[in-house]
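In: Please work out how this folds:
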Amino acid sequence: GPRQSLSNPYTGVLAIFLSRLLAGEAPVVYEDGRQTRDFVSVHDVVDAVMLALVSDDAIGQIVNIASGEPQRIADCAVKLAELLERPDIVPQITGKFRRGDIRHCTADLMRAHTLLGYRPRISWTQGLTELIDWAKQAPSVDLTGKAERELQERGILRN
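Out: Next comes the predicted model:
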């Protein structure tokens, strides 16, 4: 999330895209870019944990915490470029598939709402803006090329 304090906090697809964009490079998007993920702000995660600490109904329960809103991966890259005022940098859609990747991943928040009263409060754009502000001050390392070589060497990446 945007408030991590690790020396190299660039993990996750958004941080990888952001690292590339800040370096003036196109984000690399696997498949066709239409696969979806459910991103959540660290602030919403903290809210959910705080609600769970005071909810007797949540004891021993498994609860999804997320935004509940799917985002297309290619759209994520485009939105980050727009927020950085670099709409000229368009994502590189590879058409390559990584073995074992999940096409669509969105959380069902019904139990979180029912058991905890949880509702995400940080908007998609607000979360990205905060991530950008954080990333501009954090050290950036672009490991995209290294990661792709490793995927190919292990036979995980295919056309």
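
In: contacts, neighbours, all on C-alpha from now
Out: Fine.

In: what sits against Ile132?
Out: 18, 84 (CA atoms under 8 Å, 6 or more residues apart in numbering).

In: State the helix or strand in which it lies.
Out: helix 124-135 (DSSP states H and E).

In: Same question for that helix: list its buried residues.
Out: For helix 124-135, the neighbour count (16 or more other CA atoms under 10 Å) marks 124, 127-129, 131-132, 135 as buried.

In: got it, and stretch 110-118?
Out: By neighbour count on 16+ other CA under 10 Å, the buried set for stretch 110-118 is 110-113, 115-116, 118.

In: same question, stretch 33-47
Out: In stretch 33-47, counting by 16+ other CA under 10 Å, buried: 33, 35-45, 47.

In: Which parts of the chain are strands?
Out: 28-29, 36-37, 71-72, 92-93, 97-98, 157-158 (DSSP state E).

In: so how many other residues sit close to Pro66?
Out: One correction, residue 66 is Ala, not Pro. Ala66 has 23 neighbours, counted by other CA atoms under 10 Å.

In: err, Leu80, not the other one
Out: Look at Leu80: counted by other CA under 10 Å, it has 24 neighbours.

In: doesn't Pro87 make contact with Gly24?
Out: No. The criterion here is CA atoms under 8 Å, and Gly24 misses it with Pro87 at 11.0 Å.

In: Give me the contacts around stretch 68-76.
Out: 14, 29, 32-39, 91, 93, 105-109.

In: same thing but 6 Å
Out: Residues outside stretch 68-76 that contact it (CA atoms under 6 Å, 6 or more residues apart in numbering) are 33-38, 106-107.
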